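**Student:** Provided below are the primary sequence and the corresponding predicted coordinates.
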Amino acid sequence: MRNWLPFVKSHPTVSVVRLSGAIGMAGPGSLNDADLAPVLERAFKKGKPRAVALEVNSPGGSPVQSSLIGARIRRLSKETGVPVIAFVEDVAASGGYWIAAAADEIFADESSVVGSIGVISAGFGVHEFLARQGIERRVHTAGKSKSMMDPFRPENPEDVARLKGLLEGIHTNFITYVRDRRQGKIDPDSDLFTGEVWLGQQARELGLIDSIGHLGPNMKERYGDKVRFRRYGLRKSFLRRFTSAMIGDAVSTIEERAAFAQFGL
């Protein structure tokens, strides 16, 4: 009501968007651009916020979805003139760091895990198991590369080389993006792009984040003790929550836990 009354000064507002979970994986709870689009639109445009704060807690995932989310954050910030500040919780690694780097400033806890600026492709090969069971794999394609990296067949060196070329291309895009977003903050001669991770203080020294700090105290220091927080995040419908609880989404849950586990979380 205060915002509608003339001559009454309203308190500054900060939109807080929670970005927690793996990126682009199947199943509810995964972060993707399509689901986040309306959330981010409201965060930037509803109630004239002084800033948008991102709570980032992600081990990464799809490079394309990470890029799309990061690009959307930058577009909305440019359109509205609203600055973006990212606050890393447990981890902002790989695609999680890609999203954090979309912010104008990045803060983290001293024990936050930051980095993993690399690209990975993982899978299984089960052709020997099938052979021992007397099972024959039959594949017919039009195009010699159509069955590239088929897990039911032995690895083909040409396929491996082709896959590594794709991964190197994505890695180059990632490096270019980080160098652009952290220009003047990271040492251009430092080798930060090996997939290594660092704790918050090391990440600050390397220029991957701006400082050690937490969302509440930082925003109050900037906008005063009376700053108001308006929170936004992905919401599940009752039916989706009920279905998820019944089915368990076992595979996606295991994949996400494995992604966090590689950072000891």
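**Tutor:** Yep, that arrived.
**Student:** Just the element for L19, please.
**Tutor:** strand 13-20 (DSSP states H and E).
**Student:** what sits up against that strand?
**Tutor:** Contact with strand 13-20 is made by 31, 36, 39-40, 42-44, 46-58, 69, 82, 89, 96, 99, 215, 219, 223, 227-234, as judged by CB atoms under 8 Å, 6 or more residues apart in numbering. For glycine as for every other residue, the C-beta is placed from the backbone atoms N, C-alpha and C.
**Student:** cool, and stretch 32-41?
**Tutor:** With CB under 8 Å, 6+ apart as the criterion, stretch 32-41 contacts 17, 19, 23-24, 62, 65, 68-69, 72-73, 76, 232-234.
**Student:** Go again with 10 Å.
**Tutor:** 15, 17-19, 21, 23-25, 28-29, 43, 52, 54, 61-62, 64-73, 75-77, 80, 99, 232-235 (CB atoms under 10 Å, 6 or more residues apart in numbering).
**Student:** Excluding chain neighbours, what is closest to K226?
**Tutor:** H11 (4.5 Å; CB to CB, 6 or more residues apart in numbering).
**Student:** how is the protein carved up into domains?
**Tutor:** 10-116+196-261, 119-182 (automatic domain parsing).
**Student:** start to end distance for the longest one?
**Tutor:** Meaning domain 10-116+196-261. End-to-end distance for domain 10-116+196-261: 44 Å, by CA to CA, to the nearest Å.
**Student:** Point me to the helix or strand that includes I73.
**Tutor:** Using DSSP H and E, I73 falls in helix 63-80.
**Student:** who are the neighbours of that helix, in terms of helices and strands?
**Tutor:** Under the contact criterion of 3 or more CB pairs under 10 Å, 6 or more residues apart in numbering; DSSP states H and E, helix 63-80 touches strand 13-20, helix 33-45, strand 51-58, strand 84-93, helix 95-100, helix 157-181.
**Student:** The second one to strand 84-93, inter-axis angle?
**Tutor:** Between the axes of helix 33-45 and strand 84-93, defined by axes from the mean of the first three to the mean of the last three CA atoms, to 10 degrees, the angle is 150 degrees.
**Student:** now the angle between strand 13-20 and helix 33-45, please.
**Tutor:** 160 degrees.
**Student:** List the buried residues in helix 33-45.
**Tutor:** Neighbour-count burial for helix 33-45 flags 33, 36, 39-40, 43-44 (criterion: 16 or more other CB atoms under 10 Å).
**Student:** Restricting to C-alpha, output it in CSV.
**Tutor:** The C-alpha trace of helix 33-45 is given here as CSV (Å, rounded to 0.1, in the frame of the first residue of the first chain):
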residue,chain,number,x,y,z
ASP,A,33,16.1,-21.3,-19.4
ALA,A,34,12.4,-22.0,-20.3
ASP,A,35,11.3,-22.5,-16.7
LEU,A,36,13.4,-19.6,-15.4
ALA,A,37,12.4,-17.1,-18.0
PRO,A,38,9.2,-15.9,-16.3
VAL,A,39,10.9,-16.0,-12.9
LEU,A,40,13.7,-13.7,-14.1
GLU,A,41,11.3,-11.4,-15.9
ARG,A,42,9.3,-10.8,-12.7
ALA,A,43,12.5,-10.4,-10.6
PHE,A,44,13.8,-7.6,-12.8
LYS,A,45,10.6,-5.8,-13.7
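**Student:** ok and it relative to strand 51-58, angle-wise?
**Tutor:** Using the same axes, to 10 degrees: helix 33-45 against strand 51-58 is 150 degrees.
**Student:** The longest one too?
**Tutor:** What separates the directions of helix 157-181 and strand 51-58 is an angle of 150 degrees, with the same axes, to 10 degrees.
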